[in-house]
Structure formats: C-alpha cells, structure tokens
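K.L.:
below is the sequence, then the predicted model.
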Amino acid sequence: MNDPWDDILADDEEILWQGRPSPLFAMSRADFIPMIFGLTFSAFALLWMSFAAIGGALMWLAGLPHFAVGMALALYAICRDTVARRYSYYTLTNQRAIIGLFYPWRGRSLRKFRITKNTKISTDHEHTVVFGRAGRSKRHPFPTRAPQFSRIDDAEKVYHLMRQIQKEKS
C-alpha cells in the first residue's frame, strides 16, 4: 500500500505528532487594523454615495465599487485566519515541522521548516507554538508571521517535543 508521506519524508524521518488547529472563529489583534480600515473605507464610500444620490442622476453608482472594496477588506480581515485554520494540517517529525494547507479552490501546499539547535521556539502556553522568525514574502514587501502551529489543543506537548529535537541536534 502506498504511504502518502513517502515522497515527503526522508528515510530517517519519523512522525512524532500530527494535529489540526481549532476551526472555531477567532480574531487576533493584528486583524483589527485592516478590518477597521475596510469599514472606514466603506463608510466614506457610503457617505459619498448618499450625498451623490441627493444630487440626483446615477452618479451615486460610482461609489459602489469603493463600498464593495472596503467591505471585502473588512471581511477578509475577519475571516482569513479562521478559513486558513479550517484547511490546515500540522505535522512534527524528528527533523522538521510541516504545515499543510489544502484549499479546495487552490489545491495542496506544504511549508516545511527544519528544526535546528538555533531555531527560536516559543509558546503562549495555551494554544500556539511558534518556531522560527518572521520574514519577508517573495510575493509582497510586507513582513510575514513567524511559522507556527496555532490554536492546537496540545501546544505544551508539541513545544516540549520541539525542545527535545533541539537537544538531540546539539
């Protein structure tokens, strides 16, 4: 029988832990700024449309795309993290942390992070284990979040497993 991990794992690599994040709705502090920006953008568009409607004609229709863009920005900020977690899968091996994403509309993607003795590992002691540092995206100039297993039930266990991997590497 074919193992789906055959082409992903090295010969001497073994899976120590697998899990999924909580799919429940949650927003982080970082999501509030784009949400507020989107709602403010929409509010100004709505205000402009109402004043344009007073003047008559169909000029108010020019504000609809701006209103839609503002609402899309706000909804994206509200839903982005929750949707990403619903399609995420986490795996910890004796060498790497792997984050798998499977969006039905985009297909599968894997992000692999080697755990070394120099890998910065931290936890909030509740649901998230952060490993590595924030970086820059190749697609845009904005900083990216540090890789993490977010909103998992056994964060303490995963944190200690990662520390154990680091000790074995030194």
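P.N.:
Everything's here; your move.
K.L.:
partners of the helix or strand bottoming out on mean pLDDT in the chain, with directions?
P.N.:
Least confident element among the helices and strands of the chain, by mean pLDDT, DSSP states H and E: strand 107-114 (a mean of 90). Note on strand 107-114: by DSSP bridges, its sheet partners are strand 96-103 (antiparallel).
K.L.:
may I see the buried residues of stretch 71-84?
P.N.:
Neighbour counts using 16 or more other C-beta atoms under 10 Å place 71, 73-74, 77-78, 81-82 of stretch 71-84 among the buried residues. The C-beta positions use only the backbone N, C-alpha and C, and glycine is treated the same way.
K.L.:
picking up where we left off before, the least confident helix or strand of the chain: how far from the chain's middle?
P.N.:
Remark: strand 107-114 is offset 13 Å from the chain centroid, using C-alpha atoms, centre = their mean, to the nearest Å.
K.L.:
go on, stretch 112-132?
P.N.:
Here the centre of mass of C-alpha atoms in stretch 112-132, compared against the chain's by C-alpha atoms, centre = their mean, lies 15 Å away.
K.L.:
give me the buried positions along it.
P.N.:
Neighbour-count burial for stretch 112-132 flags 115, 119, 121, 123, 127-132 (criterion: 16+ other C-beta under 10 Å).
K.L.:
what angle sits between the host helix or strand of residue 68 and strand 96-103?
P.N.:
Here residue 68 is covered by helix 64-86, with elements defined by DSSP states H and E. Taking axes from the mean of the first three to the mean of the last three C-alpha atoms, to 10 degrees, one finds that helix 64-86 is oriented at 130 degrees with respect to strand 96-103.
K.L.:
show me what secondary structure element comes after helix 64-86.
P.N.:
strand 88-93.
K.L.:
angle of that following strand against strand 96-103?
P.N.:
Going by the same axes, to 10 degrees, strand 88-93 makes 160 degrees with strand 96-103.
K.L.:
quick one: strands adjacent to strand 88-93?
P.N.:
Strand 88-93 has the following strand partners under DSSP bridges: strand 15-19 (antiparallel), strand 96-103 (antiparallel).
K.L.:
what does stretch 46-59 rub up against?
P.N.:
60, 62-64, 66-67 (C-beta atoms under 8 Å, 6 or more residues apart in numbering).
K.L.:
which of the buried residues of stretch 112-132 fall within strands?
P.N.:
Here DSSP state E is the test, and the buried residues of stretch 112-132 give 121, 123, 129-131 as lying in strands.
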